[in-house]
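K.L.:
Pasting the sequence and the predicted coordinates here, then a few questions.
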Amino acid sequence: MDKELNFTIGKFSKKTGLSIRTLHYYDEIGLLKAQKDPNSRHRLYGEDHIVKLQKIVALKFLGYNLEEIGLMLMDTSLNLSLQNTLLQQQKAFEEKKQHLDKVLKAISRTISLLDSQENIPSEILINNIQNEQDQRTWLEHFTSKEIADKVYIKSEEENLSLDKEFIDLSREVKKLVGKPVHYPEVQELANKHLQASLKYVGEEAMYAFGKLEDEQIGDFQIMMAPPYTEEEEKWLDQVIEYYMVQNGMYNPNSNENNVK
């Protein structure tokens, strides 16, 4: 600390705007230790105390608790300049803002859907929106950033329309599940499902999916959190496979089963 201890606790309180009671507390917990006059034992403060207090006030304002602030001030490996502290906290708040934006986005889309439809699997929709970053990271890894951008950069109107379409399809699946795969209404459902998937991910992504292993596709589907039971999902897979075989899109006996 500065050797020039020019302020009594009363003067330091007036200069900094911090109450004497708070200064006593900060001293007791070791956050802002005053120097003691060897004769009077009164608390004395200098300019270095002001600099340290400014850091404490700034860190407290930015959301850190006193215990965290104390640890930060004791860690000499940290650069505790106000600028770097602000940059660190700015990054943390930006990450929080991104999370809040996702939550607000999920709420907004769910409210819009609730206005137009009943009994929708809203928890599935919210999970999907919250998982979009993981989905996008996966897609960039196995395809490309350009393809991922085309999938996830859509207007809210497009997203809402697709949400409604997939909700309608999920209702049809639950209504038809268990029926033979060759029934006309079941095959029409398969056609709708593939068309909706194509609209959502685009031709490039569908083609890229066709080159991936089933296990890799399964990882992506888990992140999508489909609104189906295990039985429904198994039946739908059989329905779509039958449709693709019948329409020359898939050959179960071929080693190269790519969506055309």
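P.N.:
On my side now, so go ahead.

K.L.:
Where do the helices of the stretch 51-200 of the chain begin and end?
P.N.:
Ranges of helices within the stretch 51-200 of the chain are 66-74, 82-116, 122-130, 132-142, 145-152, 156-176, 184-209, based on DSSP state H, counting those that start in this stretch.

K.L.:
quick check: domain ranges of this structure?
P.N.:
Following automatic domain parsing, the chain resolves into domains at 7-79, 85-246.

K.L.:
Now the last one: average pLDDT?
P.N.:
So the one you mean is domain 85-246. Domain 85-246 shows a mean pLDDT of 80.

K.L.:
any idea how far it is from the chain center?
P.N.:
Distance of domain 85-246 from the chain centroid (C-alpha atoms, centre = their mean, to the nearest Å) equals 16 Å.

K.L.:
could I get the helices of the stretch 51-200 of the chain as a markdown table with distance to residue 52 and mean neighbour count?
P.N.:
Using the backbone N, CA and C atoms, a C-beta is placed for each residue, glycine as well. Formatted as a markdown table, the helices of the stretch 51-200 of the chain follow (distance: least, C-beta to C-beta, whole Å; neighbours: other C-beta atoms under 10 Å):
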| stretch | distance to residue 52 | mean neighbour count |
| --- | --- | --- |
| helix 66-74 | 7 | 14 |
| helix 82-116 | 11 | 13 |
| helix 122-130 | 41 | 17 |
| helix 132-142 | 39 | 16 |
| helix 145-152 | 46 | 15 |
| helix 156-176 | 48 | 15 |
| helix 184-209 | 55 | 16 |
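
K.L.:
Switch these over to TSV; also include distance to residue 243.
P.N.:
What follows is the helices of the stretch 51-200 of the chain, written out as TSV (distance: least, C-beta to C-beta, whole Å):
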stretch	distance to residue 243
helix 66-74	58
helix 82-116	27
helix 122-130	24
helix 132-142	24
helix 145-152	23
helix 156-176	13
helix 184-209	4
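
K.L.:
and of those helices, who's closest to residue 19?
P.N.:
helix 66-74 (15.1 Å; C-beta to C-beta).

K.L.:
orientation of that closest one relative to helix 82-116 in degrees?
P.N.:
140 degrees (axes from the mean of the first three to the mean of the last three C-alpha atoms, to 10 degrees).

K.L.:
And the contacts of helix 66-74?
P.N.:
Outside helix 66-74, the residues that touch it by C-beta atoms under 8 Å, 6 or more residues apart in numbering are 29, 30, 31, 52, 55, 56, 59, 60, 64, 78, 80.
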